[in-house]
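Peer 1: make a model of this:
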Amino acid sequence: MKVLRIFRMSISSLRINKMRTFLSMLGVIVGVSSLILIIAVGYGAQNSILSSIQLMGSDVVIVMPGKSTNLFKSAINTLGSNAMRKPLTYSDVKYLKKKMPYARIAPEISLISPVKYRNMEFTTTIIGTNSDVFIVSNYRVTRGRTLVEKDIAGYKNVCVLGYKVAKELFPNQNPVGKYTIMSGSKFLVIGTLQKKGALGKIDLDNVVFVPITTLQAKMRIKNVQVIYAKPPKGMSSYVLGARIKSFLIARHGMENFTLNNFAQYLQLAKEVTSIFAITLAVIGSVSIFVGGIGIMNIMLASVAERTREIGIRKAVGAKNSDILLQFLFESALISTVGGILGIILGVLGATLIPKNLLLTHITVGSIIIGFSISFLIGVFFGVYPANKASKLSPVEALRYE
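Peer 2: Numbering: from 1, shown residues only. Below you'll find the predicted structure:
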């Protein structure tokens, strides 16, 4: 009962100085709301990166020409002037498919080019590939069909439109069965794809798929830029990668290619973004710490102002522990209420941020962390002022003017 009475007295004291109480809370409110918002942005970035990688499937093996330990250096080698004795070709793809009929293996040749329909024109990425690409890259058809082996073997002028291309060129009609113009040739639209999103800055919906044989013949391109491979159910991408490596070395007589695995990049992205989110949380916690210093300063000023009040209470029988508890309760109340208000503001702020500007993800953990830190800050920074108030001598306190 005594604790409850002291708690009520603490609330009454805070009500008397409402403006000072609010100003004491302000640092904690700003600190906690910043913490919630920063963690939400950090985890939003993490989810965005991970989902982008998973769009292609975390079990996909990537084969690029040129020996490099870096995926992007391998890509540069394909476009650069480095002469390679045995670059990757479509024959390599057919060889791997013959050796591993259980795996899905898709080559890729790509170029940026406008695609036209009547008076409409849209710049897109034209990708020469085979029928396996739609399974390897997790594409889903909305209308028509995908490429089949007859299209590849027959060098047919057919294409499958990505979601964005179909929407731009055929906003209110079904594109299947209509002809588009690409690189000066007519291509029959045989299918359209579901919306997929983006892989970093690569828009996976702004694509047009055509048979690799057709694109090679028209553009006189022999080599392929990249080969994607997806293992069957029950086989890991590491096992598939090892088999691809052994077959290509046997065929080429050397390791003049680079193997990469999306699973490796997925794990790396998880580690990097987790460190990023933790770093942001620490930065947010510093602002709460600064708010706690503000609470201590105001509580010390409050002790100085209420010295005579403390003396009177001690004179009528209040113990040191009673004074200590009252000031400690006041400090904890300020920080806890400030923490709750900060959580509300932080959640609202994270919710109201436009998704096209920043992706945010609010976690229960961040709310618990914000509340716990605010409470502990109030107790920690309230101990010294409360202890100072409890040790005041009643006689000196009564004589204080």
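Peer 1: the strand ranked longest in the chain: which residues count as buried?
Peer 2: Ranked by residue count under DSSP state E, the longest strand found in the chain is strand 104-117. Within strand 104-117, the residues that qualify as buried are 104-109, 115, 117, counting by 16 or more other C-beta atoms under 10 Å. All C-beta atoms are positioned from the backbone trio N, CA, C, and that covers glycine.
Peer 1: cool, stretch 171-191 as well?
Peer 2: 175-176, 180, 182, 187, 189-191.
Peer 1: could you work out the most separated pair of these?
Peer 2: 176 and 182 (16.4 Å; C-beta to C-beta).
Peer 1: buried stuff in stretch 157-175?
Peer 2: So, applying 16+ other C-beta under 10 Å, buried residues of stretch 157-175: 157-170, 175.
Peer 1: narrow those to those in strands?
Peer 2: 158-161.
Peer 1: follow-up on the earlier one: in TSV, list the buried residues of stretch 171-191 along with pLDDT and distance to residue 279.
Peer 2: Shown next, in TSV, are these (pLDDT from 0 to 100; distance: C-beta to C-beta, whole Å):
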residue	pLDDT	distance to residue 279
175	95	47
176	95	50
180	95	48
182	92	46
187	96	49
189	96	48
190	96	49
191	96	45
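Peer 1: nearest to residue 42, out of those residues: which one, please.
Peer 2: For those, the nearest to residue 42 is residue 191 (39.2 Å; C-beta to C-beta).
Peer 1: I'd assumed residue 141 was in contact with the closest one.
Peer 2: Yes: using C-beta atoms under 8 Å, residue 191 makes contact with residue 141 at a distance of 5.2 Å.
Peer 1: name the residues contacting each of the two.
Peer 2: residue 160 (C-beta atoms under 8 Å, 6 or more residues apart in numbering).
Peer 1: on that earlier part again, nearest to residue 204, of the buried residues of strand 104-117?
Peer 2: Nearest to residue 204, judged by C-beta to C-beta, of the buried residues of strand 104-117 is residue 108 at 12.8 Å.
Peer 1: report the beta-bridge partner residues of the closest one.
Peer 2: residue 226 (DSSP bridges).
Peer 1: how close does it sit to residue 257?
Peer 2: To residue 257, residue 108 is 14 Å away according to C-beta to C-beta, to the nearest Å.
Peer 1: what's the answer for residue 275, then?
Peer 2: Taken as C-beta to C-beta, the span from residue 275 to residue 257 is 32 Å.
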